[in-house]
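*Asks:* Sequence and predicted structure below; questions after.
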Amino acid sequence: MTDAPQPLSPDDVRELERELAELRAERAKVAATLPDDDMVGDQADTAEELDRATDVARIDQRVEEIQARLRTASVAGPPPSDAVALGSTVTVRFADGSEATVTVGELAEAPDLNLVTTDSPLGRALLGRGAGDTVTYRTPDGTTTATVVSLGTP
């Protein structure tokens, strides 16, 4: 893949927005437990406050990552229709002759037989390929091939 902004599928956008909402709610809950700077407590209180402050910083970092990803995806536009990219829907024929139509996505929150992530062996092999191209990729059982039958966008 290039350094150019990559599009997100509608499912990926929904998943990121869901995670962002959950993080914001978690941050508000944790931040509400932090005392004002002028309050004084014992060392145990201080240690717990540092842990919660660290949690808030971790949440803030992930929120920024998600916001940045959503911003860059919004300027990237839709996936190309002539080559497999993030968000493409691809029909592939496997070495055993079976076919499957999958979506190339970035996030896999829950098992989804119709999703191939870009960091999976098949997903990496498919990126940039077009209809008729044969790709080789590794599986737990060894190296195999798949042919791109057709592609499009969801």
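*Replies:* All right, it came through fine. Residues are numbered from 1 along each chain as shown.
*Asks:* Confirm Asp96 sits in a helix?
*Replies:* No - counting by DSSP: H, G, I helix; E, B strand; the rest coil, Asp96 falls outside a helix, being coil.
*Asks:* Please work out how many residues are found near it.
*Replies:* Asp96 sits with 6 neighbouring residues when counted by other CB atoms under 10 Å. Heads up, the C-betas are built off the backbone N, CA and C, glycines and all.
*Asks:* From Gly132, how far off is it?
*Replies:* According to CB to CB, to the nearest Å, Asp96 stands 19 Å off from Gly132.
*Asks:* same for the lowest-mean-pLDDT helix or strand in the chain, what does it pack against?
*Replies:* The weakest-scoring helix or strand in the chain, judged by mean pLDDT, DSSP states H and E, is helix 43-76 (a mean of 80). The helices and strands touching helix 43-76, judged by 3 or more CB pairs under 8 Å, 6 or more residues apart in numbering; DSSP states H and E, are helix 10-31.
*Asks:* hmm, who's touching the helix it packs on?
*Replies:* 8, 52, 55-56, 59-60, 62-63, 66-67, 69-70, 73, 86-87, 103, 105-107, 109, 115, 154 (CB atoms under 8 Å, 6 or more residues apart in numbering).
*Asks:* Show the average pLDDT along it.
*Replies:* Averaged across helix 10-31, the pLDDT comes to 87.
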